[in-house]
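>>> Pasting the sequence and the predicted model now:
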Protein chains: 2
Amino acid sequence: MRQNKIFAAALLLLLFLGLLLQWELDWLDGQTEEVTENIPEKEQARVYYELYENIWKDLEYFPVPLSTKNPDAGIRFEDSWMFERSYGGSYGHEGTDLMPDTNVSGVYPVLSMTDGVVEKIGWLEKGGYRIGIRSVHDVYFYYAHLDSYARDFQPGDAVRAGELLGLMGDTGYGQEGTRGKFDVHLHVGIYVRTEQIPELAVNPYWFLKFLEARKLSYDY
Amino acid sequence: MRQNKIFAAALLLLLFLGLLLQWELDWLDGQTEEVTENIPEKEQARVYYELYENIWKDLEYFPVPLSTKNPDAGIRFEDSWMFERSYGGSYGHEGTDLMPDTNVSGVYPVLSMTDGVVEKIGWLEKGGYRIGIRSVHDVYFYYAHLDSYARDFQPGDAVRAGELLGLMGDTGYGQEGTRGKFDVHLHVGIYVRTEQIPELAVNPYWFLKFLEARKLSYDY
């Protein structure tokens, strides 16, 4: 009986020590996590900022050129980032709408802002006739609601900055060919990607403000 | 004796259950951490991008104006982000150096790029005579190596965008008053802050490129 008591006490002590060790390991784990969370936070921010700066590196021209024939043909846009949109459910506006002074489809040229490669082409329920260009530094530029395409673009086609992609229109918000559900405009979207986030939308407004000083001229 | 054995066994069981509970709590804790790390990744990126966009909101003028008297007085700068610097140990260059065409101290005006409030003023071993302005959207703008200040700035003083802060110089890299250790230039630093990161340096290059289209004119 006495032996049993000693045995039980020893077992208790062992369990207690095991518990202490477990707590200590947990505590240590917590410590190192705190450290690794602290240092890479700045690095994480740097990763996101480098992705953002890649956009600057690739941008060359404003997507709508000046008109040689009609000097009054202007484009207005505002910072509508995350303004509410309601077609097909309520959601935030991940882009910038370039509104021409005249609400007419098939007139205003839409140019590629960057060198790149066609990644997506064709109809989207929300975007209408859209084209998506992947730029040199891996940024996705999305041009939506086009009236028509400049040529028969195929995924993989190389595109130059300033190249005509199509004409501004009012397509979208329905099945293929739907037009006139809203005023003519060019929706510009800009997306970077990380290993974890395949499509990370960035507000195009500031880039477009910058590019206003870099407009090409076209005959239209 | 029998009672003692039962008592010991009961204690053992209790301890064991406690251990199990501890493990389970740890496991649950790990689970929720994983979840909160996964979903907010996009939100985390958005937080950093909003901080970055705050800089755009506050910027108004290029920090060195055009000269009405000498149209050739130009400013050169390149993207030297994280280029190696060696004064007082090796480190990355967290800023952009604006180099005047003429290597002369006390001539080129340095203007505030933003509205804001003076946060730091006076000598820094590396920065020489520097001034730090906190802008409306909580961005810290750091102007270093000044030859002299425009007036007796005090922390808390309000500053307007385009206001003269001082004259460009070559101060720094030593005790107060040290000059001429490098060519005359203006070092511009831009820092945002988060709850976790009190000073998060952002590359000023792209902002300065944008501001080149927004230069004021001064008589110098």
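Received the coordinates, thanks.

>>> Which residues belonging to stretch A:11-21 are considered buried?
A:L15 (16 or more other C-beta atoms under 10 Å in any protein chain shown). C-beta: built from backbone N, CA, C; applies to glycine.

>>> Near chain B, which residues of chain A? Just list them.
By C-beta under 8 Å from any C-beta of the partner chain, the part of chain A that sits against chain B consists of A:1, A:4-5, A:8-9, A:11-12, A:15-16, A:18-19, A:22-23, A:26, A:38, A:41-42, A:44-45, A:48-49, A:52-53, A:56, A:194, A:196-197, A:200, A:202-203, A:206, A:209-210, A:213.

>>> Give me the buried entries from those residues.
For those, a burial check counting by 16+ other C-beta under 10 Å picks out A:8, A:15, A:44-45, A:48-49, A:52-53, A:56, A:197, A:200, A:202-203, A:206, A:210.

>>> So which of the residues you listed belong to helices?
Among these, the members falling in helices (DSSP state H) are A:A8, A:L15, A:Q44, A:A45, A:Y48, A:Y49, A:Y52, A:E53, A:W56, A:W206, A:F210.

>>> wait, what's in contact with whatever residue of chain A ends up closest to chain B?
Closest residue of chain A to chain B, C-beta to the nearest C-beta: A:A8 (3.6 Å). By C-beta atoms under 8 Å, 6 or more residues apart in numbering or on different chains, the residues touching A:A8 are B:N4, B:K5, B:A8, B:A9, B:L12.

>>> Name the nearest of these relative to chain A.
Distance to chain A, by C-beta to the nearest C-beta, is smallest for B:A8 among those, at 3.6 Å.

>>> Not counting its neighbours along the chain, what's nearest the residue nearest the centre of chain A?
Nearest to the geometric centre of chain A sits A:Y191, at 2.0 Å (C-alpha atoms, centre = their mean). Excluding its sequence neighbours, the residue lying closest to A:Y191 (C-beta to C-beta, 6 or more residues apart in numbering or on different chains) is A:Y140, at 4.2 Å.

>>> residues near that neighbour, how many?
Using other C-beta atoms under 10 Å in any protein chain shown, A:Y140 is surrounded by 21 other residues.

>>> what does A:G162 give?
Applying other C-beta under 10 Å, we find 18 residues neighbouring A:G162.

>>> can I get the ones in helices among the buried ones among the residues of chain A next to chain B in JSON lines with pLDDT and distance to A:A144?
Output for these, formatted as JSON lines (pLDDT from 0 to 100; distance: C-beta to C-beta, whole Å):
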{"residue": "A:A8", "pLDDT": "76", "distance to A:A144": "75"}
{"residue": "A:L15", "pLDDT": "82", "distance to A:A144": "65"}
{"residue": "A:Q44", "pLDDT": "89", "distance to A:A144": "31"}
{"residue": "A:A45", "pLDDT": "92", "distance to A:A144": "30"}
{"residue": "A:Y48", "pLDDT": "93", "distance to A:A144": "25"}
{"residue": "A:Y49", "pLDDT": "94", "distance to A:A144": "27"}
{"residue": "A:Y52", "pLDDT": "95", "distance to A:A144": "22"}
{"residue": "A:E53", "pLDDT": "94", "distance to A:A144": "25"}
{"residue": "A:W56", "pLDDT": "95", "distance to A:A144": "22"}
{"residue": "A:W206", "pLDDT": "94", "distance to A:A144": "19"}
{"residue": "A:F210", "pLDDT": "89", "distance to A:A144": "21"}
